[in-house]
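Asker: Predicted model follows, preceded by the sequence.
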Amino acid sequence: MALTDNRTQLNDCQDDAQTFATSGAQLNTNTLAGNTLITPNSVQVQHSNTYDDTYTSGDSAGATFNLGAAGADSTFYIAVKDNGYDLTAVSGVSVVFGDGTDRIGYTAGGSDALGLPYQKVFNIFKVDLNQAAAAPGTADVDHHVFAGSEANLDQTAITIVGYGGLHNAKAQGNVPNVYISGIYYIANDSYAATVTGGSAGTPQTMTDLVSQDETVGAGMFSNPIGSAYYLFAPTEFGDVTAATNSGFSGTDEQWFYLGNNGGGRSVGATHFPFRLVGGTGTNVFYQTRVVNVNTGTRAQFDMSSTSVNEVKLDSTTWIDFGVITFPAQSAGNKFCNASVFVNCDQMIVSTLDMDSCTWNGTTDANGAILWDENNTGTSNQTGSTFVSDGTGNAINIAPTGAGPFTYSISDYTFDGYAGQDGTAGNRVFYIDPANNDASTITINLTDCQVLNQIGTGSGFSYELAAGVTGTPTITATVTLTLTGIETDSEVNITNLDDTINFDKTLASIEQVVGSLTGVTIQNGGSGYTNGTQTLTLTGGTFTTAAQVSVEVVGGVIDSINSITVPGSYTLNPTNPVSFTGGGAGTNGTLNCTFGGTFAYSYDAGNLVDVAIVIFHIDFVEVRIIQTLSATSQTIPIQQRGDRVYNT
């Protein structure tokens, strides 16, 4: 594995004489390995229970710097070991910035917000100067003034950077209690870390990444306990410029993305990006049963690169994330299955294959996911569940073209949303086409269901965006399937709620076609060819005869392997059933069971009371009265023989 640190190292803290200064005491150079991350030295100092700061006006070579406008839109990282942080609420830990006149410590965290817990009892803290300048907050809470005034600090002319804060106890004697081991910065909206190496066959892991990070003392990733990993800096997995392979994998782990300091100050919105990239090699990214948790500013995760060959997410969880952008479909190579998204921003699912995924709430009032124009990918996403948290729609439909637009989904569940007559802002669909014409949108739902609907009206509800007129076409199709029907039966499904029409039949068939559903050996016979044999049933009336695979041992039919051809019958063969095939044997017979199926598909928005009648001359009539279900259902049918009918 290769971990590339894309940040600028402002000062490696190897020598206190390189333009370091302090308002504390005992400023010196530490040489003890246990108190440094970047070997061999660190800067040591003594802070007390008054506001103290230690800062530098020079880089690692001692040359002065002015970070200019670029510095004003950057995030700064500092590695600190301090035995007495005070609380965040009193600016216990701050990153100090100065312009030569004004010197301000912007609060990063404290004893209750420890940044990135790191090796050797160090903590890594970060401050986004752009965010801090925009929201400096209250003095001695969100910042501390070490010199001049916060209002006058020129963030575009930073010539001093350092560490400050309030120690929770008075310093004793001449013993240093603070060690500083590295100051870095990187422009916002860029990637601090590039992770490469590995392959599809041998992907790299978080264990590898943390080990590499600790080797160089970068302070961007850590493993504080067990299978929990912290990601502290914007990261890209893969190398867009490389012709080599890359692979990364996580299994049964918890990844914590710290958009703040484990509490304390967060970086600015959009300043915590992650992405997958690749060059001309083979690039893969796998997660299996990984729980991804975001704190503070929401991480955005862009997985859409076409240069990444495989993205496989299986049984993952994503909590409090920003925008997640999925890749287009690549059958078998890219998918997200059985995953859960909790309180995330609106997601762009593209045409990715997704099965059995769940969205619990969303931060986006328009919808948890976005469908754009002619999104044929909706048919690639099955078994989705959307659970409302009381506000926000489930799906935002926002095509930009002229239309018409058709979206087809199957096996979706919408739980806790308002019906069409219920509260706006909590419906299933939010219709927002650029052409402002909802009538150009058709939504086909197959085997979808609504649970715990709030209010009345259609459960597959919609809301029109401001300025949109017309009515979308929403068709919800579910299926009632009757199985095990005797061959040659007649089936009729009648609408009991229709008191106007004389003919109230919804669906019917005069002759159910049967097929072979079960088979046992009645007589194994003798003289058949040993091994696996295919037998073709004789008798009955059929368009296709059923076939059975059997195993012959010692010339006798010994066992049934499978039904290879169910066949198609309007009159069943009579048991015991003879057959052809299997060699020159004789006297073999089978006991066979036949049954038919009848399916009725209907609009889930029209749930009427029905009578289901199944008639056969040799069996007692079956009559079922029920209300059609809003979800697909299967009813097994048992018909009892009737001697009266038979005579």
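Answerer: Cool, the structure landed.
Asker: Show me what the lengthiest strand in the chain is packed up against.
Answerer: The strand that spans the most residues within the chain, counting by DSSP state E, is strand 589-603. Strand 589-603 is packed against strand 473-485, strand 505-509, strand 514-523, strand 531-537, with contacts defined by 3 or more C-beta pairs under 8 Å, 6 or more residues apart in numbering; DSSP states H and E. Every residue, glycine included, has its C-beta placed from N, CA and C.
Asker: Next one: residue 458, what pLDDT does it get?
Answerer: Here the pLDDT value assigned to residue 458 is 82.
Asker: how near is it to residue 6?
Answerer: 52 Å (C-beta to C-beta, to the nearest Å).
Asker: next one: residue 413
Answerer: Residue 413 is 43 Å from residue 6, by C-beta to C-beta.
Asker: what inclination does the longest strand of the chain have with respect to strand 531-537?
Answerer: 70 degrees (axes from the mean of the first three to the mean of the last three C-alpha atoms, to 10 degrees).
Asker: Buried residues of strand 589-603, list them for me.
Answerer: Within strand 589-603, the residues that qualify as buried are 589, 590, 592, 594, 595, 596, 597, 598, 600, 602, counting by 16 or more other C-beta atoms under 10 Å.
Asker: Also stretch 571-578?
Answerer: Under the neighbour-count criterion of 16+ other C-beta under 10 Å, stretch 571-578 has 572, 573, 577, 578 buried.
Asker: cool, stretch 232-249 as well?
Answerer: 232-239, 242, 244-249.
Asker: cool, stretch 542-556 as well?
Answerer: Quick answer for stretch 542-556 (16+ other C-beta under 10 Å): 542, 545, 546, 547, 548, 550, 552, 555, 556.
Asker: Can you spell out the domain ranges of the chain, please?
Answerer: As given by automatic domain parsing, the domain ranges for the chain are 2-187, 193-478, 480-646.
Asker: Packing partners of the longest helix belonging to the chain?
Answerer: Looking across the chain with DSSP state H, the single longest helix is helix 206-216. Under the contact definition 3+ C-beta pairs under 8 Å, 6+ apart, helix 206-216 sits against strand 2-5, strand 221-225, strand 228-231.
Asker: Please, where are all the helices along the protein?
Answerer: According to DSSP H, the helices that the chain contains are 68-72, 129-134, 206-216, 643-646.
Asker: least reliable of those helices going by mean pLDDT?
Answerer: Among the helices of the chain, helix 643-646 scores lowest, with a mean of 56.
Asker: for this structure, what are the low-confidence residue spans?
Answerer: For the chain, the stretches flagged by pLDDT under 70 are 1, 373-377, 643-647.
Asker: repeat that for 50
Answerer: 647 (pLDDT under 50).
Asker: how many neighbours does residue 68 have?
Answerer: 10 (other C-beta atoms under 10 Å).
Asker: let me redo that: residue 331
Answerer: Count around residue 331 with other C-beta under 10 Å applied: 8.
Asker: Tell me if I'm right that residue 80 and residue 183 touch.
Answerer: No: counting by C-beta atoms under 8 Å, residue 80 does not reach residue 183; the two are 9.9 Å apart.
Asker: sorry, back to before: in strands, which of the buried residues of stretch 571-578 fall?
Answerer: Among the buried residues of stretch 571-578, no member falls in strands (DSSP E).
Asker: The residues you listed: which two are farthest apart?
Answerer: Greatest spacing in the buried residues of stretch 571-578, by C-beta to C-beta: 572 and 578 (13.5 Å).
Asker: just to revisit the earlier point, with mean neighbour count and distance to residue 54 added, can I get the helices and strands packed on strand 589-603 in CSV?
Answerer: Output for those, formatted as CSV (neighbours: other C-beta atoms under 10 Å; distance: least, C-beta to C-beta, whole Å):
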stretch, mean neighbour count, distance to residue 54
strand 473-485, 18, 65
strand 505-509, 15, 82
strand 514-523, 18, 82
strand 531-537, 17, 82
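Asker: residues touching the closest residue to residue 5 other than its chain neighbours, list them.
Answerer: The shortest distance from residue 5 to any non-neighbouring residue, by C-beta to C-beta, 6 or more residues apart in numbering, is to residue 218 (5.0 Å). Neighbouring residues of residue 218 by C-beta atoms under 8 Å, 6 or more residues apart in numbering: 3, 5, 193.
Asker: rerun that using 10 Å as the cut-off
Answerer: Residue 218 makes contacts with 3-5, 7, 9, 37-38, 77, 79, 118, 124, 182, 184, 192-193, 212, 232-233, as judged by C-beta atoms under 10 Å, 6 or more residues apart in numbering.
Asker: Buried ones only from these, please, as a PyMOL command.
Answerer: The following PyMOL line selects those of the contacts of residue 218 that are buried, judged by 16+ other C-beta under 10 Å:
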select buried, resi 3+5+7+9+37+38+77+79+118+124+182+184+192+193+212+232+233
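Asker: Okay, and which of the contacts of residue 218 map to strands?
Answerer: Those of the contacts of residue 218 lying in strands (DSSP E): 3, 4, 5, 9, 77, 79, 124, 182, 184, 193.
Asker: how close does the fourth one get to residue 274?
Answerer: Pointing back at residue 9 there. 22 Å.
Asker: which phi and psi does the nearest residue to residue 386 once chain neighbours are set aside have?
Answerer: Closest residue in space to residue 386, ignoring its immediate chain neighbours: residue 394 at 4.0 Å, by C-beta to C-beta, 6+ apart. Dihedral pair for residue 394: phi -80, psi -50, per degrees, to the nearest 10.
Asker: Correct me if wrong: residue 394 contacts residue 417.
Answerer: Yes: counting by C-beta atoms under 10 Å, residue 417 is a contact partner of residue 394 at 6.2 Å.
Asker: count of neighbours near residue 612?
Answerer: Residues lying near residue 612 (other C-beta under 10 Å) number 21.
Asker: ok, it - contacts?
Answerer: Counting by C-beta under 10 Å, 6+ apart, the residues that residue 612 touches are 480, 482, 491-494, 506-507, 598, 600, 622-626, 635, 637.
Asker: what's around residue 350, how many residues?
Answerer: Residue 350: 21 neighbours (other C-beta under 10 Å).
Asker: Ok, residue 231 next?
Answerer: 23.
Asker: same deal with residue 389?
Answerer: For residue 389, using other C-beta under 10 Å, the count is 13.
Asker: which ones are touching it?
Answerer: Counted by C-beta under 10 Å, 6+ apart, residue 389 has contacts 342, 343, 360, 361, 362, 363, 416, 426.
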